[in-house]
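Asks: Show me how the following folds:
(2 chains)
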Amino acid sequence: MKRSSAPAWTTVLVIVFFYIPTLTLIIQSFNSAKYGGGWQGFTLDWYRKLMHEREVWRAVQNSLWIAAYSTLGATTLGTLGAWMLNRYKSKLQSAHYTLMYAPLMVPEILMGISLLMFFVNLGIPLGLPTIILAHITFCVSYVCFTVMGRLQDFDDSLIHAAQDLGAQWPTIIWKILLPLLGPGILAGALLAFTLSIDDFVITFFTSGPGSTTLPVYIYSAIKKGSLATINALSVLMMLVTFTIVLVSNHFINHKKT
Amino acid sequence: MHHADRHKRPPEWGLTMPSFGWMTLFFLIPSVLIFLIAFRPALPNGGIGEGWSLSAVKSLFDPSYPLVIWRTIWVSAICTTLCLGLGVPVAYYIARLPETKRRWVLLLIILPFWSNFLIRILAWQTLLHSEGPLKQLLEFLRVMDPHTTLLYNVWVVLTVLVYTELPFAILPIYAAAEKFDFSLLDAARDLGASQFRAFWTVFLPGIKRGLLTALLVVLIPAFGTYAITDLVGGTQAEMIGNVIARRVLSDKNYPQASALSAALCLVILTPMLIALFTQRRQNGGAAK
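Replies: Residues are numbered from 1 along each chain as shown, chains lettered A, B, ... in the order given. As a prediction, the model looks like this:
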């Protein structure tokens, strides 16, 4: 029976649609025309200028610190939460589940505004700490559900066996839980890190003076219309993320075989 | 020693509290707070006043709002339709590929989306810029008047919105299609169903769960669109998110921002609660 070729064509068109803007951006970052007009020759000037932009590097630092703290906080809370959700089936846990699930159903802007109102009401000045609190909050749910996916395959009798042999909880956590759940927790932590580094909307509403992150910096640069160096910055950022993705993909595939 | 005693479980309350408490403090309370602040008066210089007032809630009936709310709804609806409409054939195609090719096509689809969300918007701005390649091509072909612009209208917002949301629709649909038994389609064809009919009555119901996830994953962020309209949409394409942001950032009128946020929250929650309850009733209340 002949199969329709429509799905194949749609896929090709979608991939073209996905790549045209990105390719334009990459090409423009090497274009010497300041406002990305017609091609005026190859240049690396924008990359050179970028190296001297202090603000960019401060924003990179802020982003990395925020991501590190948020990952640590969200991974701890999310893993513990996932463990309890998986282990107990009680009224408390179904409320717990709803609390973990609901943030995934709320658009970012609502979460940003409500956290802003919360901080304003308590008189907490906006800055790096408020951004970190906000990031932990939206990352916890993602970590929790990632870890919970792995927990479902976990065999509880291992813990019972260890207890029978006289092991205490610290030993059980260190020798059994962490090694077996490690990959799941690591996947959750990686997800939290990328979500934190990538976030714009929630960060924008919970940031104060001096706490500019990389996405917030890019936003204000686009608003100001200083696009040329931002194109270069974007290409560099893409290069970094693509390398990380390809390397981790490589490792994951190797582990499977 | 008693068996249950020896296998002592960690105390449930104590170990649930860290994540439970955190989410209550930083998610539940702030969410409830916007419903409360909506009933507070605004101070003339920005900020929240003492006492209670209905003025922020009354401001929801501002004559300019219905237009913005209507635009938010139809743009989100068309975006979701397009994402599902494109997502289904793409997911179908990938799911029928041989295993080795599948991974590469999936990677090809996800790769551009590992770049920052703002960079993707910037890429569109570069592409559609008045001196950008697309505009110049259209001018060269005499299809476009040099004095008009491709940017700053609602269609650009819709395009960029589909661009950013489509992979998140493809992935859950693909996850469902991968588990679908394609021999069912052949069986339907053998029994005389047309290609279209087999697709519509066998394949689509078979991937229902993936479609539902894709629907939520696209629709919810679309309702809250803020950055896309702000950067490539301009004032004519404003959505609720932009009005909320303006109330917060330029007017510092927190009660009005809260009232609008609370309204948006209700717009999103109502259909979901209805869906949840009808599902529960269908399952006879047995499922969680």
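Asks: What's the separation between B:Ile220 and B:Leu141?
Replies: 39 Å (CB to CB, to the nearest Å). In short, each C-beta sits where N, CA and C put it, glycine included.
Asks: what does A:Val14 give?
Replies: For A:Val14, the distance to B:Leu141 - CB to CB - is 24 Å.
Asks: Those two: which is more packed in?
Replies: A:Val14 (21 against 8; other CB atoms under 10 Å in any protein chain shown).
Asks: Just give the closest residue to that one, not the sequence neighbours.
Replies: B:Val90 (5.4 Å; CB to CB, 6 or more residues apart in numbering or on different chains).
Asks: ok, longest helix in the chain?
Replies: Since no chain was named, I'll use chain A. helix A:54-87 (DSSP state H).
Asks: hm, I was asking about chain B
Replies: Under DSSP H, chain B gives helix B:65-95 as its longest helix.
Asks: Now do the end-to-end distance for stretch B:12-31.
Replies: Its first and final residues considered, stretch B:12-31 spans 26 Å by CA to CA, to the nearest Å.
Asks: avg pLDDT for that stretch?
Replies: When pLDDT is averaged along stretch B:12-31, the result is 94.
Asks: Ok, stretch B:185-203 next?
Replies: 87.
Asks: Any idea which residue is closest to the centre of the chain?
Replies: Answering for chain A, as no chain was given. A:Leu195 (1.5 Å; CA atoms, centre = their mean).
Asks: That was the other one, I meant chain B.
Replies: B:Pro221 (2.6 Å).
Asks: for the stretch 101-250 of chain A, what spans make up the helices?
Replies: A:108-122, A:128-151, A:157-164, A:169-172, A:178-198, A:201-206, A:214-224, A:227-256 (DSSP state H, counting those that start in this stretch).
Asks: so what does the last one touch, helix or strand wise?
Replies: With contacts defined as 3 or more CB pairs under 8 Å, 6 or more residues apart in numbering or on different chains; DSSP states H and E, helix A:227-256 has these neighbours: helix A:6-28, helix A:45-51, helix A:214-224, helix B:117-128.
Asks: same check, this time on the fifth one
Replies: Using 3+ CB pairs under 8 Å, 6+ apart as the contact criterion, the elements in contact with helix A:178-198 are helix A:54-87, helix A:128-151.
Asks: wait, which of those is closest to chain B?
Replies: helix A:54-87 (3.3 Å; CB to the nearest CB).
Asks: Also compute the angle for the closest one relative to helix A:157-164, please.
Replies: Here helix A:54-87 runs at an angle of 80 degrees relative to helix A:157-164 (axes from the mean of the first three to the mean of the last three CA atoms, to 10 degrees).
Asks: Excluding sequence neighbours, find me the nearest residue to the residue of the stretch 1-150 of chain A found nearest chain B.
Replies: The stretch 1-150 of chain A approaches chain B most closely through A:Pro107 (2.4 Å), counting by CB to the nearest CB. Spatial nearest neighbour of A:Pro107, chain neighbours left out: B:Gly224 (2.4 Å); criterion: CB to CB, 6+ apart.
Asks: again with B:Ile121
Replies: Closest to B:Ile121 by CB to CB, 6+ apart is B:Leu231, at 5.1 Å.
Asks: do the same with B:Trp114
Replies: Closest to B:Trp114 by CB to CB, 6+ apart is A:Thr241, at 4.6 Å.
Asks: Check what pLDDT the one you found gets.
Replies: At A:Thr241, pLDDT is 78.
Asks: show me what contacts residue 117?
Replies: Chain wasn't specified; assuming chain A. Applying CB atoms under 8 Å, 6 or more residues apart in numbering or on different chains to A:Met117 gives the contacts B:Pro30, B:Leu33, B:Ile34, B:Ile37, B:Tyr254, B:Ala257, B:Ser258.
Asks: wrong one, I was asking about chain B
Replies: Neighbours of B:Phe117 in contact, by CB under 8 Å, 6+ apart: A:Asp198, A:Phe200, A:Pro215, B:Thr164, B:Ala227.
Asks: Let's see that with 6 Å instead.
Replies: Contact analysis of B:Phe117 by CB atoms under 6 Å, 6 or more residues apart in numbering or on different chains lists A:Phe200.
Asks: count of residues packed around B:Ile142?
Replies: Let me fix one detail, which is that residue B:142 is Arg and not Ile. 8.
Asks: residues from the stretch 101-250 of chain B in reach of chain A?
Replies: Residues of the stretch 101-250 of chain B found near chain A (CB under 6 Å from any CB of the partner chain) are B:112, B:114-119, B:122-124, B:126-127, B:129, B:131-132, B:189, B:195, B:220-221, B:223-224, B:226, B:231, B:241.
Asks: Figure out the length between the terminal residues of stretch B:171-186.
Replies: 24 Å.
Asks: Same check on stretch B:222-229?
Replies: First residue to last in stretch B:222-229 (CA to CA) measures 11 Å.
Asks: Enumerate the positions of it that are buried.
Replies: B:Ala222, B:Phe223, B:Gly224, B:Thr225, B:Tyr226, B:Ala227, B:Ile228, B:Thr229 (16 or more other CB atoms under 10 Å in any protein chain shown).
Asks: do stretch B:22-32 as well
Replies: B:Trp22, B:Met23, B:Phe26, B:Phe27, B:Leu28, B:Pro30, B:Ser31.
Asks: ditto for stretch B:72-87
Replies: In stretch B:72-87, counting by 16+ other CB under 10 Å, buried: B:Thr72, B:Val75, B:Ser76, B:Cys79, B:Thr80, B:Leu82, B:Cys83, B:Leu84, B:Leu86, B:Gly87.
Asks: ditto for stretch B:232-240
Replies: Those would be B:Val232, B:Gly233, B:Gly234, B:Ala237, B:Glu238, B:Met239, B:Ile240, for stretch B:232-240 by 16+ other CB under 10 Å.
Asks: Render the CA-only coordinates of that stretch in CSV, please.
Replies: Coordinates of each C-alpha in stretch B:232-240 appear next as CSV, following Å, rounded to 0.1, in the frame of the first residue of the first chain:
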residue,chain,number,x,y,z
VAL,B,232,8.8,41.8,17.8
GLY,B,233,5.1,42.5,18.2
GLY,B,234,4.9,46.2,19.1
THR,B,235,1.9,47.9,20.6
GLN,B,236,-0.6,46.7,18.0
ALA,B,237,0.0,43.0,19.0
GLU,B,238,-0.1,43.4,22.8
MET,B,239,-1.3,40.5,24.8
ILE,B,240,-2.4,40.3,28.5
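Asks: From the chain's centre, how far out is it? Work that out for me.
Replies: Offset of stretch B:232-240 from its chain centre (CA atoms, centre = their mean, to the nearest Å): 17 Å.
Asks: sorry, back to before: any idea how far the residue of the stretch 1-150 of chain A closest to chain B is from B:Val75?
Replies: 14 Å.
Asks: Next, count neighbours for the closest residue to A:Ser234 other than its chain neighbours.
Replies: In space, and not counting its chain neighbours, A:Ser234 is closest to B:Ile119: 4.2 Å by CB to CB, 6+ apart. Using other CB under 10 Å, B:Ile119 is surrounded by 24 other residues.
Asks: Run through the stretch 1-150 of chain A and note the low-pLDDT ranges.
Replies: A:1-2, A:34-38 (pLDDT under 70).
Asks: change it to 90
Replies: A:1-7, A:20-57, A:87-91, A:105, A:149-150 (pLDDT under 90).
Asks: Up against chain B, what does it have?
Replies: A:1, A:4, A:7-8, A:10-11, A:14, A:18, A:21-22, A:24-25, A:28, A:35-37, A:77, A:80-81, A:84, A:88, A:96, A:99, A:103, A:107-110, A:113-115, A:117-118, A:137.
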